[in-house]
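Visitor: just need the structure, nothing else, for what follows:
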Amino acid sequence: MHLPAPIRTYFTARAPQDGDTFAAAFAPHAIVHDEGHDHRGTQAIRNWWLAAKAKYRHHAEPIGMEQAGQKTIVRATVTGDFPGSPAVLSFTFGLAGDRITDLEIG
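Guide: Sure thing, here's the model as predicted:
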């Protein structure tokens, strides 16, 4: 599967060493919606990602990708320290150029 570059970075970045690389995949005013909360801007998104990695020690392996209008939806098997692991989740990305503008995880 050929993932767009910023989405590939999203799934291959390793915490904490790749925090800056991970954040750089997002547009300056990007928004991430996860677990009922919104995280706005690259610093907040970086902080959310590092905290989630520390809490759940999770890894997501993409298993499918589709386009839905202007969105790229990636289904991934997520394995980590959380009830129901592993779980298949959908990651709905909005892209502009080579940056993620929005992401909803569900």
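
Visitor: now the strands for this protein?
Guide: 26-34, 37-40, 59-68, 71-79, 87-96, 99-105 (DSSP state E).

Visitor: what's in contact with the shortest one?
Guide: Identification of contacts with strand 37-40 by CB atoms under 8 Å, 6 or more residues apart in numbering yields 29, 30, 31, 32, 33, 45, 47, 48. C-beta coordinates here come from the backbone N, C-alpha and C atoms, glycine included.

Visitor: mind doing that once more with 10 Å?
Guide: 26, 29-33, 44-49, 51-52, 102-104 (CB atoms under 10 Å, 6 or more residues apart in numbering).

Visitor: that strand: which residues count as buried?
Guide: residue 39 (16 or more other CB atoms under 10 Å).

Visitor: the first one too?
Guide: Neighbour counts using 16+ other CB under 10 Å place 26, 27, 30, 31, 32, 34 of strand 26-34 among the buried residues.

Visitor: in TSV, list those along with pLDDT and distance to residue 95.
Guide: Shown next, in TSV, are those (pLDDT from 0 to 100; distance: CB to CB, whole Å):
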residue	pLDDT	distance to residue 95
26	98	10
27	98	9
30	98	10
31	98	13
32	98	14
34	97	18
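
Visitor: count of neighbours near residue 9?
Guide: When neighbours are defined as other CB atoms under 10 Å, residue 9 has 19 of them.

Visitor: could I have the CA atoms of the top helix by length along the chain written out in PDB?
Guide: The longest helix of the chain (DSSP state H) is helix 42-56. Provided in PDB are the C-alpha atoms of helix 42-56 (Å, rounded to 0.1, in the frame of the first residue of the first chain):
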ATOM      1  CA  THR A  42       1.600  21.100  16.100                       C
ATOM      2  CA  GLN A  43       2.800  21.500  19.700                       C
ATOM      3  CA  ALA A  44      -0.500  20.200  21.200                       C
ATOM      4  CA  ILE A  45      -0.600  17.400  18.600                       C
ATOM      5  CA  ARG A  46       3.000  16.400  19.500                       C
ATOM      6  CA  ASN A  47       2.200  16.500  23.200                       C
ATOM      7  CA  TRP A  48      -1.000  14.300  22.700                       C
ATOM      8  CA  TRP A  49       1.000  11.800  20.600                       C
ATOM      9  CA  LEU A  50       3.800  11.500  23.200                       C
ATOM     10  CA  ALA A  51       1.300  11.100  26.100                       C
ATOM     11  CA  ALA A  52      -0.700   8.500  24.200                       C
ATOM     12  CA  LYS A  53       2.500   6.500  23.300                       C
ATOM     13  CA  ALA A  54       3.600   6.600  26.900                       C
ATOM     14  CA  LYS A  55       0.200   5.600  28.300                       C
ATOM     15  CA  TYR A  56      -0.800   2.900  25.800                       C
END
